[in-house]
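A.B. asks: fold the following.
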Amino acid sequence: MNPHEPGITETVKTFFSSFTVGDIVRYISSLKSSAVTGWLEEVRFKPENALIIGSYFTGAAISGVLDCRVTVADINPQTRFLLGEGVDFQEGIHDLGGDWDLIVDTTGIGGVTPRDLSGLTAGAFIVEDPTSDGSDETIMGYNSTAERLEVVESDLKASLHTLGLGAKTSGTMTLTVEALRRSMADALECEGVLYATATLRFFERILFREKDPDGFLRALESPALTISSLKDISCDDILEGNLGLIRSEVRGPQS
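C.D. replies: Purely as a prediction, here's the structure:
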């Protein structure tokens, strides 16, 4: 049973998830990083150094699981706090040349361009495909995964896909919000539920416009789901049902 308290009357109870928004972000990020390390094991490629382009959730998660020297490059230095100790940070996405065993591009829509990547070489190169199973034609039109894969010289090329919720993109925040939205809808289908709400602040404005990492982290640690109900209900079970639909996989060019 999740934590609960009396509602507007003693008849109504308010239930809170033990999962925070940050827990959901970390879960989705871990699916992506596990997909990358699983693929590296599958192709038997063990990098000694890696360049991760993009230090937001996906890039930070991948940098944290690689057993090698890692450099993360990003135009947003305020996301540097997401990186673990021992990870080098480079501000900017130009001048990325170097002797890289592995390059992972996590910048997605509006990120690095094929021109930015042109001339780079790596033993293995992975691009995170920003589209998902709910992407519309306009979003698909901004997907330059194939072009990015084309311009980097590498013997091993692949793309990271995350799907399962019918979300518009594969972005970790997009999937997080979609998991919350679906969980609210699922809660309303339960007998005795008056309403369900979720912490749905515009989190990314706090980080990318207000440039307030501490405020961003505080906002993420709010309970993910709250349900007002006459009957006992588990917010965590509902969230887990939707999170269980998400899958992340790395696909080679022939997949």
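A.B. asks: residue 251 pairs with what?
C.D. replies: Under DSSP bridges, the beta-bridge partners of residue 251 are residue 159.
A.B. asks: correct me if wrong: it contacts residue 157.
C.D. replies: No: the criterion here is Cβ atoms under 8 Å, and residue 251 misses it with residue 157 at 10.2 Å. In short, each C-beta sits where N, CA and C put it, glycine included.
A.B. asks: who has more neighbours out of those two?
C.D. replies: Higher neighbour count among residue 251 and residue 157: residue 157, with 17 against 14, using other Cβ atoms under 10 Å.
A.B. asks: who's in contact with that one?
C.D. replies: Neighbouring residues of residue 157 by Cβ atoms under 8 Å, 6 or more residues apart in numbering: 124-126, 149, 252-253.
A.B. asks: quick one: pLDDT of it?
C.D. replies: Predicted confidence (pLDDT) for residue 157: 97.
A.B. asks: and it, how close does it get to residue 35?
C.D. replies: Look at residue 157 and residue 35: by Cβ to Cβ, to the nearest Å, they are 15 Å apart.
A.B. asks: check residue 100 too.
C.D. replies: In terms of Cβ to Cβ, residue 100 sits 20 Å off from residue 35.
A.B. asks: residue 99 too?
C.D. replies: Separation of residue 99 from residue 35 (Cβ to Cβ) stands at 25 Å.
A.B. asks: among those two, which residue is more densely surrounded?
C.D. replies: Remark: of residue 99 and residue 35, residue 35 carries more neighbours, 22 against 10, as counted by other Cβ under 10 Å.
A.B. asks: quick one: residues contacting that one.
C.D. replies: Shown in contact with residue 35 (Cβ under 8 Å, 6+ apart): 160, 162, 248-250.
A.B. asks: cutoff 10 Å now
C.D. replies: Residue 35 makes contacts with 62, 126, 128, 158, 160-162, 247-251, as judged by Cβ atoms under 10 Å, 6 or more residues apart in numbering.
A.B. asks: fine by me, thanks again.
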